[in-house]
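A.B. asks: Predicted model, plus sequence, below.
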Amino acid sequence: MANFFLYARKSTDEPDRQILSIEAQIAELKEFAAKEQLNIVQTFIESQTAKEPGRPIFNDMLSQIEKGKAEGILAWHPDRLARNSVDGGRIIFLLDTGKIQSLKFPTFWFESTPQGKFMLSIAFGQSKYYIDNLSENVKRGLRQKVRRGEYPGVAPTGYLNNRLTKKMVPDPERFRLVQKIFKLYSTGNYSLKEVRNMITETGLRSRTGKILCVSNIQAILVNPFYYGAFKFNGEAYEGNHKPAISKKLFDKCQEVMKNKAHHTNRGVKFYAFRGLFKCGECNCSITTETQKGHNYYRCTKKKIPCSQKYVREENLNEQISSILQKVSLPDSWTKIMIAELNKEKDKTERADFSFVQNLKSQIKEYKDKLDKLLDLRLSGTISTEEYAAKKQK
């Protein structure tokens, strides 16, 4: 009896409900193996999509095939093995090199001949086409959905996905509380953390019952969905859902958030040489502090004992200036370097002017072509489809 690996796969996001479960696949394949007198030496089970290469269990199985642990693979259908061209190509290559001597499927006839490999390639190609076509259909459906003003995703906090109408409706328990988040924050009297604490006391929780964190509150405050719009693939759309707040209130919250961020940054003291140096004695970081109106730099002394003391910023300035003077260029070079820079500037300006003129010429040429194309369409010489195709070119 020939030794075979049994491979069963069903992705957790498998769109085809008719594909057997992993348990059912294994039961059917074992019954098929007994009927065909195939010796199953190991069973490989995977719950991962095959539309992209990189399945770890599938790769492990092929690795063991290459080591001669089995002569063939038993699976429910070729699409269980591959739905992408890379994995399908690997299977065909292992058949060509004799590493795989046989493939068995209860639902697909295969023999290792040129005709059989050709039919297997078609089966792999059909599986890939199915995935690609499904993906395109999903994308087309999403585009149509957003054109209707429907957000294609999970409803944000304060809304629910209505399974019957396929629309997003206000959550009777959270909608009012989300409105309160915006009203509280728009006053400018509360930080994000304070708003989170206040709204938590009113009972607002996530769908899983967890307390919202500060980042959740911030995400709510910057989400345009709450005033009736949404973003999809980087583009803004007007939604057909019920807004929780007005655009005016949303803009007020953005202004408050911007001002709070500005004030926070303004409170950070500036030190000219912060983060630029290490201690010359122990290589520890240098920390900064201000005492009696003067900025000081000192070693953190975190690694080993260090004898270095505080250095005032003014003294550090003098030390740095002294070092830079040693590597500074002489004044006699100034005129020469400025002249060279001016030459380079003139050269760049001439090149830029030439580029702009060429660009204007090309724009005029394309505009003339578009005008002629439009005249042909208006006169009925070409169809709408031809006009669109030529305009795209």
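C.D. replies: Arrived safely. Every value quoted in this text rests on a predicted model; they were computed, and no experiment measured them. Residues are numbered from 1 along each chain as shown.
A.B. asks: what sits up against stretch 241-254?
C.D. replies: 149-151, 158-159, 167-170, 175, 178-179, 182-183, 185-186, 221-222, 224-228 (Cβ atoms under 8 Å, 6 or more residues apart in numbering). Using the backbone N, CA and C atoms, a C-beta is placed for each residue, glycine as well.
A.B. asks: same deal with stretch 124-133?
C.D. replies: For stretch 124-133, contacts defined as Cβ under 8 Å, 6+ apart pick out A50, K51, P78, D79, L81, A82, R83, N84, S85, G88, I91, I92.
A.B. asks: re the thing from before, mind checking which of the contacts of stretch 241-254 are in strands?
C.D. replies: Y159, M168, V169, P170 (DSSP state E).
A.B. asks: Run through the helices of the stretch 201-350 of the chain in chain order.
C.D. replies: With DSSP state H, counting those that start in this stretch as the criterion, the stretch 201-350 of the chain has helices at 214-221, 247-266, 313-327, 334-378.
A.B. asks: buried ones in the third one?
C.D. replies: Right, helix 313-327. For helix 313-327, the neighbour count (16 or more other Cβ atoms under 10 Å) marks L316 as buried.
A.B. asks: which secondary structure elements does that helix contact?
C.D. replies: Judged by 3 or more Cβ pairs under 8 Å, 6 or more residues apart in numbering; DSSP states H and E, the packing partners of helix 313-327 are strand 294-299.
A.B. asks: any idea which element the closest residue to E66 other than its chain neighbours lies in?
C.D. replies: Distances taken as Cβ to Cβ, 6 or more residues apart in numbering put K99 closest to E66, at 5.4 Å, once the chain neighbours are dropped. K99 is part of no helix or strand, with elements assigned from DSSP states H and E.
A.B. asks: surely K99 meets I65?
C.D. replies: Yes. Between K99 and I65 there is a contact at 5.7 Å, judged by Cβ atoms under 8 Å.
A.B. asks: In terms of neighbours, single out the busier of those two.
C.D. replies: Set K99 next to I65 and count neighbours by other Cβ atoms under 10 Å: I65 wins out with 20 against 17.
A.B. asks: So what does that one have for phi and psi?
C.D. replies: The phi/psi pair for I65 (degrees, to the nearest 10) reads phi -60, psi -40.
A.B. asks: so what are the domain limits for this protein?
C.D. replies: Following automatic domain parsing, one finds the domains of the chain at 3-135, 159-266, 286-327, 349-392.
A.B. asks: Spatially central residue for the chain, please.
C.D. replies: The residue lying closest to the centre of the chain (Cα atoms, centre = their mean) is N233, at 11.1 Å.
A.B. asks: Next one: that residue from D87, what distance?
C.D. replies: Counting by Cβ to Cβ, to the nearest Å, the gap from N233 to D87 is 29 Å.
A.B. asks: tell me the average confidence for the strand or helix carrying A33?
C.D. replies: Taking DSSP H and E as the definition, A33 sits inside helix 22-36. Averaged over helix 22-36, pLDDT sits at 91.
A.B. asks: Using PDB, list the CA coordinates for that helix.
C.D. replies: Provided in PDB are the C-alpha atoms of helix 22-36 (Å, rounded to 0.1, in the frame of the first residue of the first chain):
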ATOM      1  CA  ILE A  22     -12.800  19.400   8.700                       C
ATOM      2  CA  GLU A  23     -14.300  16.600  10.700                       C
ATOM      3  CA  ALA A  24     -16.500  15.600   7.700                       C
ATOM      4  CA  GLN A  25     -13.600  15.800   5.300                       C
ATOM      5  CA  ILE A  26     -11.500  13.500   7.500                       C
ATOM      6  CA  ALA A  27     -14.300  11.000   7.800                       C
ATOM      7  CA  GLU A  28     -14.900  10.900   4.100                       C
ATOM      8  CA  LEU A  29     -11.200  10.800   3.200                       C
ATOM      9  CA  LYS A  30     -10.500   7.900   5.600                       C
ATOM     10  CA  GLU A  31     -13.400   6.000   4.000                       C
ATOM     11  CA  PHE A  32     -12.100   6.800   0.600                       C
ATOM     12  CA  ALA A  33      -8.600   5.600   1.600                       C
ATOM     13  CA  ALA A  34      -9.900   2.300   2.800                       C
ATOM     14  CA  LYS A  35     -11.700   1.800  -0.400                       C
ATOM     15  CA  GLU A  36      -8.700   2.700  -2.500                       C
END
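A.B. asks: and that helix, what other elements does it pack with?
C.D. replies: The elements that helix 22-36 packs onto, with contact taken as 3+ Cβ pairs under 8 Å, 6+ apart, are strand 3-9, strand 39-46, strand 72-74, strand 102-104.
A.B. asks: Out of the ones you listed, which is closest to G380?
C.D. replies: strand 3-9 (56.0 Å; Cβ to Cβ).
A.B. asks: ok, and for the closest one, which residues are buried?
C.D. replies: Neighbour counts over strand 3-9 (16+ other Cβ under 10 Å) mark F4, F5, L6, Y7, A8, R9 as buried.
A.B. asks: Looking at pLDDT only, which of these scores worst?
C.D. replies: Note: of the buried residues of strand 3-9, the lowest pLDDT belongs to R9, at 90.
A.B. asks: Not counting stretch 183-202 itself, show me its contacts.
C.D. replies: With contact meaning Cβ under 8 Å, 6+ apart, stretch 183-202 is reached by 177, 180-181, 211-214, 216-218, 221, 249, 252-253, 256-257, 259-260.
A.B. asks: Buried only: go through the contacts of stretch 124-133 for me.
C.D. replies: A50, K51, P78, D79, L81, A82, R83, N84, G88, I91, I92.
A.B. asks: what's the farthest-apart pair in these?
C.D. replies: Taking Cβ to Cβ, the two most distant members of the buried ones among the contacts of stretch 124-133 are K51 and I92; they sit 18.0 Å apart.
A.B. asks: From E150, how far off is T165?
C.D. replies: Distance, T165 to E150, using Cβ to Cβ: 10 Å.
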